[in-house]
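Novice: fold the following for me, if possible:
(2 chains)
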Amino acid sequence: MKRLLAVTLGILTAIGGFVDIGDLVASSLVGARFGFALVWMLAVGLVGICVYAEMAGRVAAVAGRPTFDLVRERLGPRIGLANLAASLLVTLLTLAAELAGVALAVELLSSVPYLLWVPAVTLLVWLVIWRVRFETMERIFGLLGLVLIVFVVAVFRLDPSWGDVLHQVTHPAVPQGEGVPTYLYYAIALFASAMTPYEVFFFSSGGIEEKWKPKDLATVRVNAFLGFPLGGLLALSIMAAAALLLHPAGVSVDHLSQVVLPTSVALGKFGLGLALIGVFAATFGASLETALSSGYTVAQYFGWRWGKTAAPRTASRFHLVVIVALLACSALILTGLDPVKVTEYSLVFAAVALPLTYLPILVVANDPEYMGEHANGRLANTLGTVYLVIVLVISVAALPLMLATKAGQ
Amino acid sequence: MTVHGPDPDERAPGRAYSARFHWLDRQVVADDGTPISKVDDLELDGRDGRLYATAVLVGPDALAPRLRGRLGRLVAAVARRLAAAEGGRPPRIDLADVAAVGAAVTLRPSTGDLRVHALEDWTRANVIERIPGARHASG
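Specialist: Numbers count the residues shown, from 1 in each chain, chains lettered A, B, ... in the order given. From the prediction side, this is the model:
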């Protein structure tokens, strides 16, 4: 049991990367439009985040330094500040969308319009950050988010012909009526959402909040290599459910209600209820992750004391950043902005900023002055370098593809 | 540029501390690991034709010149607005208070109140402590 609970940080972090509100809709949309033709990209992104989360977690445990601390240290104050601005923009846009996502899940349960729920959701997120123990927080929302496994059950209940599915996964083809640039645009969006920078910020900072030390390296690895694949499995099942049910029916996905549709078809009301609870927990978890990440990144860039494990009065500036972030994001979403659109755009900006986050991690994880005997081995370096190249290519291609495809329309 | 650390004998010749690589932008922590600040800049003192680092400079006033250009001027302007009547000179941490330089710059245990936290003090007194529960760690 203790072993299982030790992995909740990884699960909660992965939930923010794979099944937050933007990804819930994006995975379902991709499944509905492209069938199984983009599953390979989800797998590519998953391996990438596992490699870099393990590295960032290892640096946190061995050298005691969180990721954004390294960003400024290795890139200098100017490029560090540029990365801070870009990452913060992505994190805040995501936070705004998550607050709406929680409210949307409550709307589907209660039939009360989501905008009315946004202030209450914001207050609740802040209260959890202000009062609830870090471990309790990650256990509640990490484990409750796993209720989304109902989508895995739904896929099995839909009883697809597995040979056919396997063929579609291994022989991806752009479906008729879809252009190659659109296909690539969604491939990039999937990759960027799997590797969003706030995941490593939250994972490494969370490790330090949990007081990881070199003896905890096994915990780091279990978190990275079990927690993130669990998140990836949830995203895959949502995509597969949409590919099996919505793709042949020609249903297009632009709202949360269509995302959860397959569970009600396959499992009835009970399945739908579970799916909504899972969506609530996942978006709430992602709200916590992004709100804390905005505080972590700003505080770590400037060298302030940070963290939610200590009394708030000892980390005043950190808590002030979190409060201002929550208020601003809540105000932004109350303007009635479409939360799904917000995350779609933020993913493209995330893609552009990715190399500036992952390069410093790779450099420091290799430096024996920080890491001693725990510096990167050959496998971590090979994969790290390969992914850095992928991340670079994607960061260059993201903006032109977004403009060329009018954001995937 | 080579800077002489608190204990020059600690590192063999040829492995001296580099200001850019080992000092600038590194995290400064108390002896229990609590973050204090970043090394925003170094105070240098010229003696016998050589430069010696004498203190770590802290805060936006120290950081702004290193950002250069428009960005630097912006940070400097914000810093002036936020300045709690300190009078332009950035707070400093004497290198005599530094115990070790590793993944972070660690201070000696005896180092008392460094007075490098004007903004933290202001935020605590005017915002955070006014919210119920600010004194209790959530753990």
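Novice: so where's the chain uncertain?
Specialist: You didn't say which chain, so I picked chain A. A:1-2 (pLDDT under 70).
Novice: I was after chain B.
Specialist: In chain B (pLDDT under 70), the answer is B:1-15, B:83-88, B:111-114.
Novice: close to chain A: what parts of it are there?
Specialist: B:24-28, B:33-38, B:40, B:58, B:63, B:66-68, B:71, B:102-104, B:119-120, B:123-124, B:127-129, B:131, B:133-139 (CB under 8 Å from any CB of the partner chain). Glycine gets a C-beta too; all of them are placed from N, C-alpha and C.
Novice: 6 Å instead?
Specialist: Applying CB under 6 Å from any CB of the partner chain, we find that chain B lies next to chain A at B:25-27, B:35, B:37-38, B:66-67, B:103, B:120, B:123-124, B:127-129, B:134-139.
Novice: among the residues you listed, which are in helices?
Specialist: B:66-67, B:120, B:123-124 (DSSP state H).
Novice: run the chain-centre distance for stretch A:251-260.
Specialist: 19 Å (CA atoms, centre = their mean, to the nearest Å).
Novice: er, stretch A:80-91 actually
Specialist: 16 Å.
Novice: from the residues of chain B next to chain A, which would you call buried?
Specialist: Burial by neighbour count, 16 or more other CB atoms under 10 Å in any protein chain shown: within the residues of chain B next to chain A this picks out B:25-27, B:35, B:37-38, B:66-67, B:103, B:120, B:123-124, B:127-128, B:134, B:138.
Novice: who's the closest spatial neighbour of residue A:122, skipping the chain neighbours?
Specialist: Spatial nearest neighbour of residue A:122, excluding adjacent residues (CB to CB, 6 or more residues apart in numbering or on different chains): residue A:330 at 4.1 Å.
Novice: how about the one you found, what does it touch?
Specialist: Going by CB atoms under 6 Å, 6 or more residues apart in numbering or on different chains, residue A:330 touches A:99, A:118, A:122.
Novice: make a markdown table from those residues and add neighbour count and secondary structure to it.
Specialist: Output for the contacts of residue A:330, formatted as a markdown table (neighbours: other CB atoms under 10 Å in any protein chain shown; DSSP: H, G, I helix; E, B strand; the rest coil):
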| residue | neighbour count | secondary structure |
| --- | --- | --- |
| A:99 | 32 | helix |
| A:118 | 23 | helix |
| A:122 | 23 | helix |
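Novice: just those now: which is nearest chain B?
Specialist: Distances from the contacts of residue A:330 to chain B were compared by CB to the nearest CB; the smallest belongs to residue A:122, at 14.9 Å.
Novice: list the buried residues for the longest helix seen in chain B?
Specialist: Secondary structure of chain B per DSSP H: the longest helix is helix B:69-82. By neighbour count with 16+ other CB under 10 Å, helix B:69-82 contains the buried residues B:72, B:75-76, B:79.
Novice: cool, and stretch A:384-393?
Specialist: Those would be A:384, A:387-388, A:390-391, for stretch A:384-393 by 16+ other CB under 10 Å.
Novice: in CSV: those residues, plus secondary structure.
Specialist: Shown next, in CSV, are the buried residues of stretch A:384-393 (DSSP: H, G, I helix; E, B strand; the rest coil):
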residue, secondary structure
A:384, helix
A:387, helix
A:388, helix
A:390, helix
A:391, helix
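Novice: filter these by proximity to chain B?
Specialist: Okay, of the buried residues of stretch A:384-393, nothing touches chain B (CB under 6 Å from any CB).
Novice: chain B: which of these is nearest?
Specialist: Distance to chain B, by CB to the nearest CB, is smallest for residue A:384 among the buried residues of stretch A:384-393, at 19.3 Å.
Novice: residue contacts, that closest one?
Specialist: Contacts of residue A:384 by CB under 6 Å, 6+ apart are A:51, A:362.
Novice: the same query, at a cut-off of 10 Å, please.
Specialist: A:48, A:51-52, A:54-55, A:358-359, A:361-363, A:365-366, A:376 (CB atoms under 10 Å, 6 or more residues apart in numbering or on different chains).
Novice: not counting its neighbours along the chain, what's nearest the residue in chain B positioned nearest to chain A?
Specialist: Nearest residue of chain B to chain A: residue B:38, at 3.2 Å (CB to the nearest CB). Distances taken as CB to CB, 6+ apart place residue A:303 nearest to residue B:38, at 3.2 Å, with adjacent residues excluded.
Novice: neighbours around the one you found, how many?
Specialist: Counted with other CB atoms under 10 Å in any protein chain shown, the neighbours of residue A:303 add up to 25.
Novice: shouldn't it be in contact with residue B:39?
Specialist: Yes: the criterion here is CB atoms under 10 Å, and residue A:303 meets it with residue B:39 at 8.1 Å.
Novice: tell me which parts of the stretch 151-300 of chain A are close to chain B?
Specialist: Counting by CB under 10 Å from any CB of the partner chain, the stretch 151-300 of chain A comes close to chain B at A:208-209, A:211, A:299-300.
Novice: same deal with the stretch 301-409 of chain A?
Specialist: Residues of the stretch 301-409 of chain A lying near chain B by CB under 10 Å from any CB: A:301-321, A:323-324, A:364, A:367, A:369-372.
Novice: ok, of those residues, which come out buried?
Specialist: Judged by 16+ other CB under 10 Å, buried ones among these: A:301-321, A:323, A:364, A:367, A:370-371.
Novice: which residues touch the residue of chain A found nearest chain B?
Specialist: Nearest residue of chain A to chain B: residue A:303, at 3.2 Å (CB to the nearest CB). Contact analysis of residue A:303 by CB under 10 Å, 6+ apart lists A:69, A:72, B:25-29, B:35-40, B:58-59, B:63, B:104, B:116.
Novice: and what of residue A:142?
Specialist: Counted by CB under 10 Å, 6+ apart, residue A:142 has contacts A:5, A:7-15, A:227, A:230-231, A:281-282, A:285.
Novice: what's the closest of those to residue A:199?
Specialist: residue A:13 (5.3 Å; CB to CB).
Novice: leaving out sequence neighbours, find the closest residue to the closest one.
Specialist: Once flanking residues are discounted, residue A:13 sits nearest to residue A:203: 4.6 Å by CB to CB, 6+ apart.
Novice: what strand or helix carries residue A:58?
Specialist: Per DSSP states H and E: residue A:58 is located in helix A:39-63.
Novice: flag every buried residue along that helix.
Specialist: Residues A:39, A:41-63 are the ones in helix A:39-63 that count as buried (16+ other CB under 10 Å).
Novice: one more: stretch A:140-151?
Specialist: Counting neighbours by 16+ other CB under 10 Å, one finds that the buried residues in stretch A:140-151 are A:140-148, A:150-151.
Novice: let me have the residues you listed in CSV, adding distance to residue A:260 and secondary structure as columns.
Specialist: Formatted as CSV, the buried residues of stretch A:140-151 follow (distance: CB to CB, whole Å; DSSP: H, G, I helix; E, B strand; the rest coil):
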residue, distance to residue A:260, secondary structure
A:140, 21, helix
A:141, 19, helix
A:142, 20, helix
A:143, 20, helix
A:144, 16, helix
A:145, 14, helix
A:146, 16, helix
A:147, 12, helix
A:148, 10, helix
A:150, 9, helix
A:151, 9, helix
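Novice: in a markdown table, list the residues you listed along with distance to residue A:238.
Specialist: Formatted as a markdown table, the buried residues of stretch A:140-151 follow (distance: CB to CB, whole Å):
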| residue | distance to residue A:238 |
| --- | --- |
| A:140 | 22 |
| A:141 | 18 |
| A:142 | 18 |
| A:143 | 18 |
| A:144 | 17 |
| A:145 | 13 |
| A:146 | 13 |
| A:147 | 13 |
| A:148 | 8 |
| A:150 | 10 |
| A:151 | 5 |
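Novice: and the residues you listed, which two are the farthest apart?
Specialist: Farthest pair in the buried residues of stretch A:140-151, by CB to CB: A:140 and A:151, 20.4 Å.
Novice: sorry, back to before: wait, doesn't the residue of chain B closest to chain A sit right on residue B:90?
Specialist: No: using CB under 10 Å, residue B:38 is not in contact with residue B:90; the gap is 11.9 Å.
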